[in-house]
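>>> Task: produce atomic coordinates for the following.
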Amino acid sequence: MEVVIVGPSITRTKGGMATVINDMLQNRNPEVRFTHIVSHVEGSASEKISRNLDAILEFLKTSKMDLVHIHVASGASFYRKSLFVLLSKLRGKPVVMHVHGADFDSFYNSSSSIAQWYIRMIFSFCSSILVLSGFWRHFFEKNISNKNVEVLHNGVYTQFFASCYTMPANLSKFLFLGRLGQRKGVYDLLEAADILVNRHHHHDLVFYLAGDGEIEQVHRIVQEKGLQNNVQVLGWIGEKEKMEWLKRADTMILPSYNEGLPMSILEAMAAGKIIISGRVGGIPDLVTEGVNGFLITPGDVESLCQHIAFVKSNPQEMIRMAENNQRKIDAEYNLARLNEQLFSLYRRLVRS
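I've put the predicted structure just below:
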């Protein structure tokens, strides 16, 4: 079976979508052969436009194609990928549209009525719409398409992260993995760090902030609040570096305002980390309060402080939660099992 993947570069883009595509390309099932057409790279506007035009030409020239699997987010990503949906329809090929955007609901709801009609039309041409959680299935079925919507969780190869388990040696250390900015809640985290360190004297707390984005502004706030000994701004880190930093903290903290199903949380759970996160998107499917982590209302800095202090002070309970996380990921988000779900979908669509 020849499957064409349309999505961003796995070497010149950052984030969860590129990670998912990279994992797909590691497939060893001889039944499925992937061709990756790179539709987007990070860089200048001219580079992005050139890459998209090249991708369209490459798509038109590709002769071996039983099915097209398109990875899409919101905004410009959707409009770029919609061209590939239309081209696939002209070629009579089934399309799997795999939606990753953490803010696709905001994108759709803020679009004009004509744009909303176009979004619905594009999705109506898709043989299957894959979303990351029950939250997103409900949104799509209510607003965009009431058919062909299926949940396919992001997943991880759990064995890769077993060596990162350190509980409870690093309970006072917290790792943030994501783009530094308001959407991921990094400024709420800095406010919480200020309260805990400077007001409540938890001087042993350390927060590692890994990601691109508003790095200079975050550095400035760290300096202003005198948190240089407690907050390390790491910038973007690669896969090997990420594994090393997962070994230095026992809690993954992501107080986001909206999310899909973050790869960073899945990986942290597989590594046996406690999760403190915003109660948004697909995260409540992953984290049950008090069982394998803690959920906060976005913007609730007081609750964030309470949970950080609780984690640090309750090692036996945290060991139990960490073990719950590893069991949950292996049972429900193991990529080997999820791949079989995906390949079963491919077979069904190609046969029909």
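
>>> What distance do you get for residue 321 to residue 297?
Residue 321 sits 20 Å away from residue 297, going by Cβ to Cβ, to the nearest Å. Using the backbone N, CA and C atoms, a C-beta is placed for each residue, glycine as well.

>>> For the worst-scoring helix or strand of the chain on mean pLDDT, list every residue counted as buried.
One helix or strand of the chain scores below all others by mean pLDDT, DSSP states H and E: helix 16-25, with a mean of 87. By neighbour count on 16 or more other Cβ atoms under 10 Å, the buried set for helix 16-25 is 16, 17, 18, 19, 20, 21, 23, 24.

>>> right, and the third one touches residue 8 too?
Yes. The pair formed by residue 18 and residue 8 meets the contact definition of Cβ atoms under 8 Å, at 5.4 Å.

>>> Which one of residue 321 and residue 297 is surrounded by more residues?
More crowded of residue 321 and residue 297, by other Cβ atoms under 10 Å: residue 321, with 24 against 11.

>>> The more buried one - that's part of a helix, no?
Yes. Residue 321: assigned to a helix according to DSSP: H, G, I helix; E, B strand; the rest coil.

>>> Tell me, what's the model's pLDDT at it?
With respect to pLDDT, residue 321 scores 96.

>>> shouldn't it be in contact with residue 294?
No. Counting by Cβ under 8 Å, residue 321 sits too far from residue 294 to count as a contact (9.0 Å).

>>> Low-confidence stretches in the stretch 101-250 of the chain?
Nowhere does the stretch 101-250 of the chain drop to pLDDT under 70.

>>> Which residue ranges of it form strands?
Ranges of strands in the stretch 101-250 of the chain, per DSSP state E, counting those that start in this stretch, are 128-131, 149-151, 173-177, 206-210, 231-235.

>>> list the buried ones in the second one?
Of the residues in strand 149-151, those with enough neighbours to count as buried (16+ other Cβ under 10 Å) are 149, 151.

>>> Neighbouring strands - and their directions - for that strand?
Using DSSP bridges, strand 149-151 pairs in its sheet with strand 128-131 (parallel).

>>> Using PDB, list the CA coordinates for the strand it pairs with.
What follows is strand 128-131, C-alpha atoms only, in PDB (Å, rounded to 0.1, in the frame of the first residue of the first chain):
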ATOM      1  CA  SER A 128     -11.600  10.100   7.300                       C
ATOM      2  CA  ILE A 129     -11.000  12.900   9.800                       C
ATOM      3  CA  LEU A 130      -8.600  12.000  12.500                       C
ATOM      4  CA  VAL A 131      -8.600  14.000  15.700                       C
END
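
>>> Need the residue closest to the centroid of this structure.
The residue lying closest to the centre of the chain (Cα atoms, centre = their mean) is residue 262, at 2.9 Å.

>>> show me the contacts for that residue.
16, 154, 178, 254, 256, 283 (Cβ atoms under 8 Å, 6 or more residues apart in numbering).

>>> Residue ranges of each domain in this structure, please.
As given by automatic domain parsing, the domain ranges for the chain are 2-155+334-351, 158-332.

>>> start to end distance for the longest one?
Translated: domain 158-332. Using Cα to Cα, to the nearest Å, one end of domain 158-332 lies 11 Å from the other.

>>> ditto for the first one
This stretch, domain 2-155+334-351, spans 13 Å end to end (Cα to Cα).

>>> What separation do you get for the residue nearest to the centre of the chain and residue 43?
According to Cβ to Cβ, residue 262 stands 24 Å off from residue 43.

>>> ok so, going back, let me know the next secondary structure element after the least confident helix or strand of the chain.
Per DSSP states H and E, helix 16-25 leads on to strand 33-40 as the next helix or strand towards the C-terminus.

>>> got the angle for that following strand vs helix 16-25?
For strand 33-40 against helix 16-25, the angle by axes from the mean of the first three to the mean of the last three Cα atoms, to 10 degrees is 160 degrees.

>>> okay if I get the contacts of residue 262 as TSV plus distance to residue 86?
Below are the contacts of residue 262 laid out as TSV (distance: Cβ to Cβ, whole Å):
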residue	distance to residue 86
16	26
154	27
178	33
254	36
256	33
283	33
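
>>> In helices only, show me those.
16, 283 (DSSP state H).

>>> so who does residue 187 touch?
Applying Cβ under 8 Å, 6+ apart, the residues contacting residue 187 are residue 221.

>>> scratch that, residue 136
99, 104, 151, 260, 281, 282.

>>> excluding its backbone neighbours, what's nearest the last one?
Looking back up the chat, that one is residue 282. Closest residue to residue 282 apart from its sequence neighbours, by Cβ to Cβ, 6 or more residues apart in numbering: residue 133 at 2.7 Å.

>>> My read is that the one you found contacts residue 285, right?
Yes. If you go by Cβ under 8 Å, residue 133 and residue 285 touch, sitting 4.7 Å apart.
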